[in-house]
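# no sequence for this one, just the structure:
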């Protein structure tokens with residue numbers, strides 16, 4: 001079950017409050033966004049209506065990137081390309097211990113919701129936590145560039161093992177490989193075996209998509 005510190009930070013995310021005592025860049029950018037834009041729940045049918053907000057947040061993030069030198073000056077070489085997920089291109093880092101993910105946030109109605117999802121992932125799955133490297137403009141579209149541990153020599157996880165761990169942590173299986181945590185109003189989608197790796201008797205969640213759906217407190 002969630003530790004008290006994790007619970008407190010999840011509650012801050014739900015309320016749209018600044019998360020204190022955490023200085024990683026993912027959280028820093030999320031805090032800047034929630035200080036300037038109101039927190040909202042995600043409903044997929046609202047994507048179009050929130051497109052204006054997302055564009056405003058994109059301009060805001062470009063200003064932050066310029067002010068804080070968050071622009072990535074060199075993207076991974078094509079020969080390092082590994083795969084493409086639904087929203088990210090994945091490259092092997094030169095250290096062979098990490099991957100670089102270039103993400104356009106297409107699964108999220110706003111950039112705040114995207115960074116909320118990153119921070120939630122890092123809270124719940126620290127063994128595959130994302131590090132924010134910066135932003136890049138690709139074909140005039142904003143992309144986040146992230147680094148994540150590369151879990152090699154593992155096998156795809158069994159769906160029952162994924163379900164057992166998530167259920168223990170308060171997530172109920174809703175349909176197929178989607179889960180919902182009623183306490184925090186969290187949807188966790190698409191937890192199929194390709195998004196979770198089994199290694200050394202542990203599960204490594206490498207690709208998660210979190211949505212907040214509960215109304216603000």
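Received it, and whenever you're ready, just let me know what you need. It should be emphasised that the depicted structure is a prediction, and the values quoted were computed from it without experimental measurement.

# I figured residue 145 hits residue 74, correct?
No - between residue 145 and residue 74 there is no contact under Cβ atoms under 8 Å: 10.2 Å. All C-beta atoms are positioned from the backbone trio N, CA, C, and that covers glycine.

# from residue 85, how far out is residue 114?
In this view, residue 114 and residue 85 are 14 Å apart by Cβ to Cβ, to the nearest Å.

# more neighbours: the two, which one.
Legend: neighbour count by other Cβ atoms under 10 Å for residue 114 and residue 85, higher for residue 114 (25 against 16).

# host element of that one?
helix 111-124 (DSSP states H and E).

# so which elements touch that helix?
Applying 3 or more Cβ pairs under 8 Å, 6 or more residues apart in numbering; DSSP states H and E, one finds that helix 111-124 contacts helix 4-15, helix 25-36, helix 51-68, strand 141-149, strand 209-212.

# specify the next element, helix or strand, located C-terminal of it.
Downstream of helix 111-124, the first helix or strand assigned by DSSP H and E is strand 131-138.

# contacting residues for the closest residue to residue 137 other than its chain neighbours?
Spatial nearest neighbour of residue 137, excluding adjacent residues (Cβ to Cβ, 6 or more residues apart in numbering): residue 143 at 7.4 Å. Contacts of residue 143 were listed using Cβ atoms under 8 Å, 6 or more residues apart in numbering, and they are 102, 103, 104, 105, 135, 136, 137.

# what's the pLDDT at residue 143?
Note on residue 143: pLDDT of 98.

# okay, it and residue 133: tell me how far apart.
11 Å.

# quick check: residue 187 is in a helix.
No - going by DSSP: H, G, I helix; E, B strand; the rest coil, the assignment for residue 187 is strand, not a helix.

# may I see the buried residues of stretch 104-112?
104, 105, 107, 108, 109, 110, 111, 112 (16 or more other Cβ atoms under 10 Å).

# burial count for residue 204?
17.

# gap between it and residue 117?
17 Å.

# and the residue nearest to residue 137, how far is that from residue 31?
Following Cβ to Cβ, the distance that separates residue 143 from residue 31 is 21 Å.

# quick one: low-confidence ranges for the chain?
Filtered on pLDDT under 70, the chain yields the residue ranges 39-49, 214-217.

# for the residue nearest the centre of the chain, which non-adjacent residue is spatially closest?
Nearest to the geometric centre of the chain sits residue 118, at 2.7 Å (Cα atoms, centre = their mean). In space, and not counting its chain neighbours, residue 118 is closest to residue 26: 4.8 Å by Cβ to Cβ, 6+ apart.

# which ones are touching that neighbour?
Residue 26 makes contact with 115, 118, 119, 122, 130, 131, 132, according to Cβ under 8 Å, 6+ apart.

# ditto for residue 106
Counting by Cβ under 8 Å, 6+ apart, residue 106 makes contact with 86, 87.

# part of a helix, is it?
No - Residue 106 is assigned coil when assessed by three-state DSSP, not a helix.

# for residue 174, see how far away it is.
To residue 174, residue 106 is 22 Å away according to Cβ to Cβ.

# how about residue 18?
For residue 18, the distance to residue 174 - Cβ to Cβ - is 31 Å.

# likewise for residue 85?
Residue 85 is 21 Å from residue 174, by Cβ to Cβ.

# distance check, the residue of the chain most remote from its centre against residue 169.
Distance from the C-alpha centroid of the chain, by Cα atoms, centre = their mean, peaks at residue 79 (25.4 Å). Residue 79 is 39 Å from residue 169, where distance means Cβ to Cβ.
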